[in-house]
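> Sequence first, predicted model second:
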Amino acid sequence: MHAVPNVTLNNGVTIPQLGFGTFKIPPADTRQATLTALEVGYRHIDTAEMYGNEKEVGDAIRDSGIDRDDLFVTSKLNNGLHEAAAARTAFDQTLEDLGLEQLDLFLIHWPRPRTGNFVEAWQTLEEFYRAGRVRAIGVSNFKPHHVRRLMENSVVTPAVNQIEIHPYLTQDDVRAFNAEHDIATEAWSPLAKGTVLRDPVIVRIADDRGRTPAQVTLRWALQRGDIVFPKSVTRERVQENSLLFDFELSEADMAEISALNRDERTGSDPDENG
């Protein structure tokens with residue numbers, strides 16, 4: 001695996017631009033899948049309380065024998081736990097399940113503007129950050145108006161905003177807002193659950209480059225500056241998704257892929273989720 005570039009967050013913490021995602025990997029498969037990713041060379045792991053597999057991720061980290069300082073581990077606060085006491089309990093459980101004393105990045109998973117209180121949740125994450133229990137804090141699935149409200153009522157600016165991004169949902173407006181406020185953008189579902197891999201434009205560019213559609217799509221995200229973490233449970237695919245740093249897409253390739261945008265989500269709209 002080629003060396004993965006780091007992105008420097010707004011508090012000086014560095015995060016590998018490519019990671020391994022564990023969304024929808026069943027707990028029974030998570031330990032081996034994560035261990036495979038670590039064996040291939042991944043050093044950035046993304047999980048969440050909602051995924052129900054933090055313990056198995058922690059088992060893989062322990063069994064890998066890799067020095068903790070060489071790993072970057074992200075998790076997220078589950079929905080329904082925005083109240084301060086609930087968030088504190090949940091964070092304690094995350095650390096216990098992962099077997100870690102300190103997390104690298106902790107995110108509010110969804111703003112849930114109708115039923116949650118993400119401002120209170122954020123102020124609690126600031127507690128964890130000030131106490132040194134997490135190296136950076138951020139948000140996930142936040143639109144600009146959610147972030148503005150948060151920043152008006154907090155001290156720490158989010159280091160990261162993790163949002164759905166792929167060629168059919170380029171999220172240029174959110175990415176521009178993030179950049180304006182020095183918030184790194186992370187892209188979840190970077191392959192749009194596989195739907196973009198059949199797109200004729202991406203297939204043609206992949207053929208021209210002697211690459212797979214997945215590699216071209218992930219390379220597009222990386223060249224835009226996004227942090228990505230594809231997931232798979234097969235070694236071949238995990239390996240394939242890591243081979244992204246020995247080729248580049250041209251400006252024309254990038255423009256063609258970006259032009260595929262249709263504002264099409266595979267997941268929920270953050271204003272509708274809760």
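Cool, the structure landed.

> List of residues touching stretch 203-221?
18, 165-167, 187, 190-191, 196-199, 202, 228, 230, 237, 240-241, 243-244, 247-249, 253-254, 256-258 (C-beta atoms under 8 Å, 6 or more residues apart in numbering). C-betas here are computed from N, CA, C, even on glycine.

> Buried ones only from those, please, as a ChimeraX command.
Here is the ChimeraX command that selects the buried residues among those (16 or more other C-beta atoms under 10 Å):
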select :18,165,166,167,187,190,191,196,197,199,202,228,230,240,241,243,244,249,253,254,256,257
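
> Strands - which of the contacts of stretch 203-221 land there?
Counting by DSSP state E, the part of the contacts of stretch 203-221 found in strands is 187, 228.

> Just the ones in helices from the contacts of stretch 203-221, please.
Among the contacts of stretch 203-221, DSSP state H puts 202, 237, 240, 253, 254, 256, 257, 258 in helices.

> and which of those residues is nearest residue 95?
Residue 95 lies nearest to residue 237 out of those, by C-beta to C-beta, at 30.1 Å.

> All the helices of the stretch 101-250 of the chain, in order from the start?
All helices of the stretch 101-250 of the chain, identified by DSSP state H, counting those that start in this stretch, fall at 118-130, 144-152, 172-180, 200-209, 213-224, 235-240.

> highest average neighbour count across those?
helix 213-224 (a mean of 23; mean count of other C-beta atoms under 10 Å).

> Taking helix 200-209 as reference, get the angle to that helix.
Taking axes from the mean of the first three to the mean of the last three C-alpha atoms, to 10 degrees, one finds helix 213-224 and helix 200-209 inclined to each other by 90 degrees.

> thinking again about what came up before, between the helices of the stretch 101-250 of the chain, which one is closest to residue 26.
helix 235-240 (16.0 Å).

> Show me how far the closest one is from its chain's centre.
Helix 235-240 sits 19 Å away from the centroid of its parent chain (C-alpha atoms, centre = their mean, to the nearest Å).

> contact partners of it?
20, 33, 36, 37, 40, 42, 212, 214, 215, 232.

> Check those residues for burial and list the buried ones.
Counted by 16+ other C-beta under 10 Å, those give 20, 33, 36, 37, 40, 42, 212, 214, 215, 232 as buried.

> what's the span of stretch 258-270, first residue to last?
22 Å (C-alpha to C-alpha, to the nearest Å).

> ok, now stretch 125-142?
16 Å.

> Excluding covalently adjacent residues, which one is nearest to residue 9?
Leaving aside its sequence neighbours, residue 9 sits nearest to residue 159 (C-beta to C-beta, 6 or more residues apart in numbering; 4.1 Å).

> give the contact list for the one you found.
Contacts of residue 159 by C-beta under 8 Å, 6+ apart are 9, 10, 11, 13, 105, 136, 137, 138, 183, 184.

> distance of it from residue 238?
Distance, residue 159 to residue 238, by C-beta to C-beta, to the nearest Å: 26 Å.
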